[in-house]
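J.: Got a predicted structure here, sequence first:
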Amino acid sequence: MIHSLVTSLTKACWIMLGSFVSALPACAQVPPAADLASGRPADIWRFLEEAAASMGAAPDQSLDYTGIKGQSHRIEIFRPADAVPGERYPGLVLFHGGAWREGSPVQFYRQARVIADAGFVVALPEYSISDEDASTPHDALVDAFRAWSFVHLSAPALNIDPARIYAGGASAGGQLAAALATVPPPEPTTRLTSPARLVLFNPVIDNGPDGYGYSRVKDYWQDFSPLHNIGADHPPTVILLGDSDRLIPVATAEAYCVQVRLAGSDCSVKIYDNAGHAWFNHDQAGYEGTLRDALDFLRSIDGR
């Protein structure tokens with residue numbers, strides 16, 4: 001297991017006061033940003049790298065799957081620090097955000113380390129983004145399904161219980177996670193099963209004519225937009241959203257949950273005061289609050 005001394009010390013911080021979450025304010029402080037624009041670091045991805053490094057949050061393993069353009073994409077794996085060989089753990093696949101244009105799994109390194117050490121195997125996939133390979137949102141969708149299928153097929157080797165694999169993501173990554181449970185698989189073999197649960201951070205769940213990103217997906221939005229493809233098998237879901245998000249209105253999240261409930265499943269929206277889009281990346285209270293609520297949701301399902 002690839003855990004350095006600093007990771008071991010971080011683990012000691014998590015268990016202080018008797019639980020991971022209660023120790024967050026003392027042990028997972030986000031380093032100050034050098035250049036803030038409207039509260040957001042000018043280079044958010046570097047900021048997230050430094051924040052993860054400050055708490056010793058690094059993957060334990062890296063695997064590769066093949067993307068839609070034939071390229072190799074990483075899936076970074078975080079395991080429980082005290083994992084027992086041969087035991088099967090619930091899995092969580094988290095997709096980073098970035099408007100299908102940019103981004104990196106580093107967005108969720110901090111959350112992945114905490115959730116993993118609470119008893120989960122967390123997988124953070126890369127996928128096609130237009131800033132790197134001139135890809136489309138549909139390409140990102142195909143890659144997300146491929147990554148999801150890869151994790152399922154690799155579940156025994158990853159010590160994951162295939163019946164307990166959950167999905168989540170932020171912004172465009174939230175759209176990808178929700179799509180796994182809603183839209184038609186873009187390839188015949190790219191969905192073995194739907195996520196057992198969804199945990200969505202300000203997700204882009206409406207891509208219709210009045211939703212986010214429509215101009216980029218208008219030729220295929222009916223098979224892309226999660227809100228427009230909710231069916232009877234939709235998994236229980238929690239949506240974590242700021243009340244001042246100008247990209248994802250609270251009304252959109254609430255409408256999504258209404259449809260999920262009408263389809264016979266559970267869905268809740270947790271609203272955070274004075275919070276804009278993706279605030280949890282750089283705001284300490286937002287990071288702690290959304291992580292705490294996400295972990296509470298996962299633990300309530302799994303009894304951990």
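T.: Sure thing, it's come through.

J.: distance of Asn274 from Arg197?
T.: 28 Å (C-beta to C-beta, to the nearest Å). Bear in mind the C-beta positions are built from the backbone N, C-alpha and C, glycine included.

J.: between the two, who's got more neighbours?
T.: Neighbour count, other C-beta atoms under 10 Å: between Asn274 and Arg197, Arg197 has more, with 24 against 11.

J.: A strand includes Leu200, no?
T.: Yes: using DSSP: H, G, I helix; E, B strand; the rest coil, the assignment for Leu200 is a strand.

J.: so what's the closest residue in space to it that isn't next to it in sequence up against?
T.: Excluding the flanking residues, the one nearest Leu200 by C-beta to C-beta, 6 or more residues apart in numbering is Gly174, at 4.3 Å. By C-beta atoms under 8 Å, 6 or more residues apart in numbering, the contact list for Gly174 reads 95, 97, 168, 200-205.

J.: same check, this time on Ile115
T.: Ile115 makes contacts with 78, 92, 122, 291, 294-295, 298, as judged by C-beta under 8 Å, 6+ apart.

J.: Please enumerate the helices of this protein.
T.: Counting by DSSP state H, the chain has helices at residues 5-15, 24-27, 44-54, 109-117, 130-133, 137-153, 172-180, 214-217, 250-262, 284-302.

J.: Which residue is the nearest non-sequential neighbour of Gln111?
T.: Among residues not flanking Gln111 along the chain, Leu291 sits closest, at 5.3 Å (C-beta to C-beta, 6+ apart).

J.: Distance check, the one you found against Asp206.
T.: Noted for Leu291: a distance of 25 Å to Asp206, by C-beta to C-beta.

J.: Give me the neighbour count for Glu132.
T.: For Glu132, using other C-beta under 10 Å, the count is 12.

J.: cool, and Pro85?
T.: Pro85: 5 neighbours (other C-beta under 10 Å).

J.: contacting residues for it?
T.: Pro85 neighbours (C-beta under 8 Å, 6+ apart): Asn159.

J.: any idea how far it is from Glu132?
T.: Taking C-beta to C-beta, one finds Pro85 at 37 Å from Glu132.

J.: next one: Leu94
T.: Separation of Leu94 from Glu132 (C-beta to C-beta): 19 Å.

J.: Counting neighbours, what do you get for the closest residue to Leu124 other than its chain neighbours?
T.: Spatial nearest neighbour of Leu124, excluding adjacent residues (C-beta to C-beta, 6+ apart): Pro105 at 3.6 Å. Pro105 has 25 neighbouring residues, counting by other C-beta under 10 Å.

J.: Might one say that the residue nearest to Gln111 is in contact with Val114?
T.: Yes: between Leu291 and Val114 a contact is recorded at 6.2 Å, counting by C-beta atoms under 8 Å.

J.: which one of those two has more residues nearby?
T.: Neighbours were counted for Leu291 and for Val114 using other C-beta under 10 Å; Val114 has more, 26 against 22.

J.: surely that one meets Leu295?
T.: Yes: Val114 is within contact range of Leu295, at 6.9 Å (criterion: C-beta under 8 Å).

J.: can you list the weak-confidence ranges in this protein?
T.: Applying pLDDT under 70 to the chain flags residues 1-38, 302-304.

J.: 90 instead?
T.: 1-42, 188-192, 300-304 (pLDDT under 90).

J.: hey, which strand is longest across it?
T.: The longest strand of the chain (DSSP state E) is strand 160-170.

J.: Run through the neighbouring helices and strands of that one.
T.: Using 3 or more C-beta pairs under 8 Å, 6 or more residues apart in numbering; DSSP states H and E, the elements in contact with strand 160-170 are strand 89-95, helix 137-153, helix 172-180, strand 198-201, helix 284-302.

J.: ok, and for it, which residues are buried?
T.: 160-162, 164-170 (16 or more other C-beta atoms under 10 Å).

J.: now stretch 83-96
T.: In stretch 83-96, counting by 16+ other C-beta under 10 Å, buried: 83, 88-96.

J.: try stretch 176-190
T.: Neighbour-count burial for stretch 176-190 flags 176-183, 185-186, 190 (criterion: 16+ other C-beta under 10 Å).
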